[in-house]
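Undergrad: Need coordinates for the following:
(one chain, ligands or ions: 3)
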Amino acid sequence: MDNIKNYISEHKDRFLNELIELLKIPSVSADSAFKNDVLKTADQVKLSLEKAGCDFVEMYETDGYPIVYGEKIIDPDLPTILVYGHYDVQPADPIELWTSGPFEPVIKKTDKHPEGAIFARGACDDKGQMYMHVKALEFMTSTNQLPCNVKFMIEGEEEVGSVNLGVFVKNNQEKLKNDVILISDTGMIANDIPSITTGLRGLSYVEVEVTGPNRDLHSGLYGGAVANPINVLTKMIASLHDEKNQITIPGFYDGVEDLSREERDEMAKAPFSLENYKKALDIDAVYGEEGYTTNERNAIRPTLDVNGIWGGYTGEGAKTVIASKAYAKISMRLVPNQDWESITELFTKHFLSIAPAGVTVKVTPHHGGQGYVTPTDSIGYKAASMAYNDTFGKKPIPQRSGGSIPIVALFEEELKSKTILMGFGLDSDAIHSPNEHFGVFNYLKGIETIPMFYKYFTELSK
Ligand code: BES
Ligand code: MN
Ligand code: MN
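TA: Ligands and ions are numbered 1, 2, ... in the order given. All right, here's what the predicted structure looks like:
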């Protein structure tokens, strides 16, 4: 890949400005108030793929938001890379905690990003990382160096579970045929410690509702005599972990693979400072399942977390009331071999069984997906490793991540190909949080590394 560094420094400002324009459109898929903006973003992505040199670009309508598909097929005998990304973003709230508008991108310096980072919702997850691929393609087509075929599939519903993408993939196997899937929607250890994500956790997400009396009651007249749904719900939730912080749902750990001592020792070699970890979060201690390190707890072990809980009176002052209903949203992060639909069933059965008399409990499943691990001896992994080695001057470390991209397991099942997760974000980039950002260094490094992957993947495929 001749002249990639020159090309990037020559076009750096335009690369940044184009991303900034994309970030200005609030493509929040979870909130229908943003529908037109999500659609507008899809149009922009389509246009950008056309400009970057795809010779066929099409918008595929779904029951939800459209999927943008683009391709450049130079020779059917050459390998084909399928790039996946998402143009939708998480809601920006709580907006008051942002130091600048979530959809008014600005570049600011941070400790981790002395060269500056773009602050905006979606900067890292995933508009910034997705757009690196568009710019990498632009470089390869405009300098006549595209070494293989490429297909792009950019969806607008990742943050709400990718339900319609699953249908699209099942119905378009021939169109999506590929030799490897390439995704930048994860992170790496640090800007001077490159890593490649080799695993993702699965997910089961449920909502629970506990109903007591048929109306809100005076907490003096009725308190102590009827079940208080909030008291009951919190007690039920507390019982889901034991004193070792293990999950108490019967059957929950069936199938969970215990990593060997060697594998765990290998994992522990990845640079990690517990002190810095605690400092970055302003906590005086970490917390979690007994017998596991912090990195193990958030990568190779399953978890159960309340994501939101509400009910009763939360306004100003005091109101003496026993609420009729209490609610919680609960996520379970799963590891490979735990089937998310079975886990959802186990949860439901158990949660209903622990409800005391005096309340009724309803469990509503939301979305979910399977976990994923990718081998490090595949051509795809080797090509990625060589690419990072060239651009970072260091061999990347394989690392399993705690996050989820549920569609990846489905890609393997339906399209029979491995996914390579070349993520360039940092854990501190505040994805899904206020003040999300993406390092300028990371953005440009991504654009530089991706073409090297194309080159090595094509060479290793011969
Ligand atoms: N890009 C993230 C997932 C991610 C981030 C994986 C960093 C590894 C490292 C993705 O957009 C995401 O947020 N996924 C959701 C699940 C989805 C079904 C809403 C998640 O992990 O909570
Ligand atoms: Mn993402
Ligand atoms: Mn996300």
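Undergrad: Count the residues that sit near the closest residue to D31 other than its chain neighbours.
TA: Among residues not flanking D31 along the chain, P91 sits closest, at 5.8 Å (CB to CB, 6 or more residues apart in numbering). Every residue, glycine included, has its C-beta placed from N, CA and C. Neighbourhood size, P91 [other CB atoms under 10 Å]: 16.
Undergrad: Would you tell me whether the longest helix seen in the chain gets close to ligand 1?
TA: For the chain, the longest helix by residue count, based on DSSP state H, is helix 440-461. No. Using CB under 6 Å from any ligand atom, helix 440-461 never reaches ligand 1; the gap is at least 13.0 Å.
Undergrad: Break down the stretch 151-300 of the chain into its helices, ranges please.
TA: 163-171, 229-238, 261-268, 274-281, 294-297 (DSSP state H, counting those that start in this stretch).
Undergrad: picking up where we left off before, ok, now which ones touch the residue nearest to D31?
TA: The contact partners of P91, taken as CB atoms under 8 Å, 6 or more residues apart in numbering, are V28, A30, D31.
Undergrad: Could you pull up the contacting residues of A190?
TA: K112, P271, L426.
Undergrad: Which of the residues you listed are buried, as a ChimeraX select command?
TA: Entered in ChimeraX, the line below selects the buried ones among these, by 16 or more other CB atoms under 10 Å:
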select :112,426
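Undergrad: Relative to T211, which of the contacts of A190 is nearest.
TA: L426 (43.3 Å; CB to CB).
Undergrad: With S195 as the reference, measure out to that closest one.
TA: L426 is 11 Å from S195, where distance means CB to CB, to the nearest Å.
Undergrad: where do the contact lists of these two overlap?
TA: Shared contacts of L426 and S195, counting by CB under 8 Å, 6+ apart, come down to M188.
Undergrad: what's the burial count for N276?
TA: 10.
Undergrad: oh, I was asking about E262
TA: As a burial measure, E262 scores 8 neighbours (other CB under 10 Å).
Undergrad: Same check on N6?
TA: Neighbours around N6, by other CB under 10 Å: 10.
Undergrad: Equivalent analysis for P79, please.
TA: 21.
Undergrad: Same question for Y454.
TA: Using other CB under 10 Å: Y454 sits among 24 other residues.
Undergrad: any idea what sits nearest the residue of the stretch 201-350 of the chain at minimum distance from ligand 2, other than its immediate chain neighbours?
TA: Across the stretch 201-350 of the chain, the shortest distance to ligand 2 (CB to the ion) belongs to L203, at 12.8 Å. Of all residues beyond its chain neighbours, the one nearest L203 is S404 (4.4 Å), with distances taken as CB to CB, 6+ apart.
Undergrad: Name the SS class of the one you found, please.
TA: coil (DSSP: H, G, I helix; E, B strand; the rest coil).
Undergrad: got a pLDDT number for it?
TA: S404 is assigned 96 on the pLDDT scale.
Undergrad: Pull up the residues of the stretch 1-150 of the chain that are close to ligand 1.
TA: Residues of the stretch 1-150 of the chain lying near ligand 1 (CB under 6 Å from any ligand atom): D125, D126.
Undergrad: Name the nearest residue to the residue of the stretch 1-150 of the chain found nearest ligand 1, ignoring sequence neighbours.
TA: Proximity to ligand 1, evaluated over the stretch 1-150 of the chain using CB to the nearest ligand atom, is greatest for D125 at 4.7 Å. What sits nearest to D125 in space, not counting adjacent residues and going by CB to CB, 6+ apart, is I431, at 4.0 Å.
Undergrad: How many neighbouring residues does the one you found have?
TA: I431 has 23 nearby residues by other CB under 10 Å.
Undergrad: Kindly report the same for E115.
TA: The number of residues packed near E115 is 13, by other CB under 10 Å.
Undergrad: who's in contact with P147?
TA: By CB under 8 Å, 6+ apart, the contact set of P147 is L78, M140, Y454, K455, T458, E459.
Undergrad: which residue packs closest to the third one, ignoring adjacent ones?
TA: What that stands for is Y454. Counting by CB to CB, 6+ apart, the residue nearest Y454 is P147, at 5.4 Å.
Undergrad: pLDDT at the closest residue in space to G312 that isn't next to it in sequence, what is it?
TA: The shortest distance from G312 to any non-neighbouring residue, by CB to CB, 6+ apart, is to A323 (3.8 Å). The model reports A323 with a pLDDT of 98.
Undergrad: which residue sits closest to E209, ignoring its sequence neighbours?
TA: Excluding its sequence neighbours, the residue lying closest to E209 (CB to CB, 6+ apart) is K362, at 4.4 Å.
Undergrad: Now do that neighbour against P229, distance only.
TA: Counting by CB to CB, the gap from K362 to P229 is 11 Å.
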